[in-house]
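# need the 3D shape of this:
(2 chains)
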Amino acid sequence: MKYIATINEREYLVDIIDEGHVSVDGTVYEIDFEVVSGQPVYSLLLDGQSYEAHVYTTEEEWQVLLQGRLYPVRVEDERERRLRTTLGGQMSASGEFQLRSPMPGLVVSLPVKEGQPVTKGDVLLILESMKMQNELKAPRDGTITRIRVKAGDNVEQKQILLSVI
Amino acid sequence: MFNKILVANRGEIAVRIIRACRELGLATVAVFSEIDRHSLHVRYADEAYLLGPAPSRESYLRGDKILDIARKCGAQAIHPGYGFLAERADFAQACLDAGIAFVGPKPSSIAAMGDKAVARATVTKAGVPVVPGTEGEGALRDDELLGLAPQIGLPLLIKATAGGGGKGMREVRKLEEMPGLLVAARREAEASFGDGNVYLEKLLEGARHIEIQILADTQGNVIHLGERECSIQRRHQKLLEEAPSPFVGEDQAFRQQMGSVAVRAAQSVGYVNAGTIEFLVDKDKNFFFMEMNTRLQVEHPVTEMVTGVDIVKEQIRIARGRQLRYTQDDVRMNGWAIECRINAEDPYNNFLPSTGRITHTLLPTGPGIRVDTGVYIGFEISPFYDSMISKLIVWGETRAEAILRMRRALEEYKIIGVRSNIPFHQTLLDSHRFMGGQYDTRFVEERFSMEAAEESKVYQPEIAAIVASLVAHQQTQRAAHIIQRGERDTSNWKWLSRWERLQR
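Okay, the predicted model is just below:
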């Protein structure tokens, strides 16, 4: 089974040959890959070298924490990749970004208004949780649409707070 | 003399205190909120009583309920830990009125040091230098504070009068931003301490935060246990502490000078029990009193590791009216200790707190390592309390050994289910400035970045690519497996719902 793993815009062609072998960009390695006690911790023996990694999933990528360094990895098989390239890259640039609450908490303030243009890094909302005030920032430039909460609201984890287009 | 103690706290510190009581042969009583029913402190204590719902206001801040429980179960002493009721003079007084010993200072000392403005005025009288600010002015209105700001000079800090831990604190760099920052600081102070009063303090740049641990008994003996270096902070929250301070180092005269000034500050309020004097120290070794914490500190273990004194046990002995077991000459610092606060925060995402269930955890062990924690597998990190998971403390013969040991321990430490700041500590310990002891209180915010540090680490994208592909592959295979198994051996309805789930 062939996969395309993308890290920092560089693509790696990973071919899972069988249980004990993979190749990366044509180089074949002998591997022994185990999940540690059913947890998202993985032990990889690669040509005798021992690696341990934590793997987290987010909606669009895998995050591999390896020896204190975090690698965001997008993994696609050939079909998924064809789909994405034909659908075009405009989706991500002009699509709607929905700001979701990263944790349960209380909306302290909303320094933005609907229709207001924002630039990357602007504070969109202040959320109080774990006795701290956390600033949620714009991940890219855009315009605020549809604010769904107001100051004083209690919000749940992953609740949509507002959108940026 | 008491022999049953109620611990009015939760989490790692409640566990820490219960352990000390166990070793002293005292009976222990835990109190807990509804969501802490499964917590370690509840399970370790001899008795445990429900306080109320999860929010602190309805549970751990309910001094009246805690006193009722103490009376009913016959506890003759209360240890408040840190946070919650630890620095509330009214609660300490209520304990004494009820004939229950409060393991901490006299209510009058808490009141004097707890109102930071009064504290500064008091120690100034005792000849202790203080940082310029609105000292001893009491509760001022916004317009008064705005008027005083130019006299103190910028940059300055707005701090909560009742505060601590960086809550209700704001930094002012431009005068025109100050009104908005005052509103935010008061709001946060009100939410955290139920008191929205704030004061101003000059911000010393390039300064270090060094504090002195004090022990004082009821017979009037006061000693200090040396210093702790707490300059590694982010948004005024301490993240890593060490003892001794690399800045003080071999300068015994400087250490004793700070120590004796700290003792004098404690004596100025007739202090009893364990306390900490926090100093800001500039690069020329001038030091200024910041505040006194009239309680046990989060970072007390580093002092315990280098002095061999069990501070919690000593607190209890003092509360029982015993004389200190040490004189100043008995106190020796041996080796080096470092503590990393392990928080449920994502260092890759602006240190945003992370909630969730700890599904798996593996603690570091081996020579020279101590972990103080209240969590366990299945523990839920909730938004109701702070985000600290544990304190990882190491001891080494030298600072270099302590750093290498801490790196080893951080590598061994696994926490699964929530994000933790372990990668932050790993990156910090790898930085040259930290290794050289060259850092101040602004270091983490101004000269430290996870991204820049990442670049100097070994880059192994191929390994990451293999791991991610294998995990993705396993997941696809597992999904395919479910269809095969579900084919005929179970009801068609079940099969249909599984099929539907796959199609989503």
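
# please count neighbours and contacts with C-alpha atoms only from this point.
Will do.

# residues near the residue in chain A positioned nearest to chain B, how many?
For chain A and chain B, the shortest gap (CA to the nearest CA) falls at residue A:130, measuring 4.7 Å. Neighbour count of residue A:130, defined by other CA atoms under 10 Å in any protein chain shown: 21.

# show me which residues of chain A sit near chain B.
Contact residues (CA under 8 Å from any CA of the partner chain) of chain A with chain B: A:3, A:5-7, A:12, A:14, A:16, A:22, A:24, A:39-40, A:42, A:44, A:53, A:55, A:62-64, A:66-69, A:71, A:73, A:75, A:102-105, A:129-134.

# one more time with 7 Å
Counting by CA under 7 Å from any CA of the partner chain, the positions of chain A adjacent to chain B are A:3, A:5, A:7, A:12, A:14, A:62, A:64, A:68-69, A:71, A:73, A:75, A:103-105, A:129-131, A:134.

# residues of stretch B:391-411 that come out buried?
For stretch B:391-411, the neighbour count (16 or more other CA atoms under 10 Å in any protein chain shown) marks B:391-396, B:399, B:401-403, B:405-407, B:409-410 as buried.

# can you check stretch B:355-369 too?
By neighbour count, with 16+ other CA under 10 Å as the criterion, the buried positions of stretch B:355-369 are B:355-361, B:364, B:368-369.

# over to stretch A:31-42?
Judged by neighbour count using 16+ other CA under 10 Å, the buried positions of stretch A:31-42 are A:31, A:33, A:40-42.

# out of those, list just those in strands.
A:31, A:33, A:41-42 (DSSP state E).

# ok, which pair from these is furthest apart?
Maximum pairwise distance among those (CA to CA): 16.2 Å, between A:31 and A:41.

# what sits up against stretch A:67-81?
Under the contact criterion CA atoms under 7 Å, 6 or more residues apart in numbering or on different chains, stretch A:67-81 has outside partners A:2-7, A:61-65, B:423, B:426, B:454, B:464-465, B:468-469.

# dump the residue contacts of residue 51.
As the question left the chain open, I've gone with chain A. Residues near residue A:51 by CA under 7 Å, 6+ apart: A:43-45.

# correction: the question concerned chain B.
Residue B:51 makes contact with B:31-33, B:59, B:65, according to CA under 7 Å, 6+ apart.

# sorry, back to before: contacting chain A as well, which ones from the buried residues of stretch B:355-369?
Checking those against chain A by CA under 7 Å from any CA, the ones in range are residue B:355.

# helices of chain A, residue ranges please.
Using DSSP state H, the helices found in chain A span residues A:78-87, A:90-94.

# and if you look at the stretch 301-450 of chain B?
In order along the chain, the stretch 301-450 of chain B carries the following helices (DSSP state H, counting those that start in this stretch): B:311-319, B:399-412, B:422-430, B:432-435, B:443-446, B:450-456.

# quick one: closest of the ones you listed to residue B:153.
With CA to CA as the measure, helix B:443-446 is the member of the helices of the stretch 301-450 of chain B nearest residue B:153 (21.3 Å).

# give me the pLDDT for the residue of the stretch 201-350 of chain B found nearest chain A.
Relative to chain A, the nearest point of the stretch 201-350 of chain B is residue B:348 (8.2 Å; CA to the nearest CA). For residue B:348, the model assigns a pLDDT of 88.

# quick check, central residue of chain B?
For chain B, the residue sitting closest to the mean C-alpha position, by CA atoms, centre = their mean, is residue B:298 at 4.0 Å.

# find the nearest non-adjacent residue to that residue, please.
Of all residues not flanking residue B:298 in the chain, residue B:82 sits nearest, at 7.2 Å (CA to CA, 6 or more residues apart in numbering or on different chains).

# does the one you found count as helix, strand or coil?
Judged by DSSP: H, G, I helix; E, B strand; the rest coil, the three-state class of residue B:82 is coil.

# before we move on, the earlier item: relative to residue A:56, how far out is the residue of the stretch 201-350 of chain B closest to chain A?
13 Å (CA to CA, to the nearest Å).

# any low-confidence regions in chain A?
A:86-95 (pLDDT under 70).

# give me the domain ranges for it.
A:2-77, A:93-164 (automatic domain parsing).

# just put these in a markdown table and tack on distance to residue B:340.
Output for the domains of chain A, formatted as a markdown table (distance: least, CA to CA, whole Å):
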| stretch | distance to residue B:340 |
| --- | --- |
| domain A:2-77 | 15 |
| domain A:93-164 | 19 |
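
# if I pick residue A:35, what's in contact with it?
Residue A:35 makes contact with A:41-43, according to CA under 7 Å, 6+ apart.

# could you redo the last one with a cut-off of 10 Å?
Applying CA atoms under 10 Å, 6 or more residues apart in numbering or on different chains, we find residue A:35 in contact with A:41-44, A:52-53, B:471.

# farthest-apart pair in those, please.
Using CA to CA, the contacts of residue A:35 span at most 13.2 Å, a distance reached by A:52 and B:471.

# what count of nearby residues applies to the residue of the stretch 201-350 of chain B closest to chain A?
As a burial measure, residue B:348 scores 17 neighbours (other CA under 10 Å).

# next one: the one 4 residues further on
Other residues near residue B:352 number 22, with proximity taken as other CA under 10 Å.

# got it, and residue B:37?
Neighbour tally, residue B:37, other CA under 10 Å: 15.

# I figured it hits residue B:49, correct?
Yes - under the criterion of CA atoms under 10 Å, residue B:37 lies in contact with residue B:49, with a separation of 9.4 Å.
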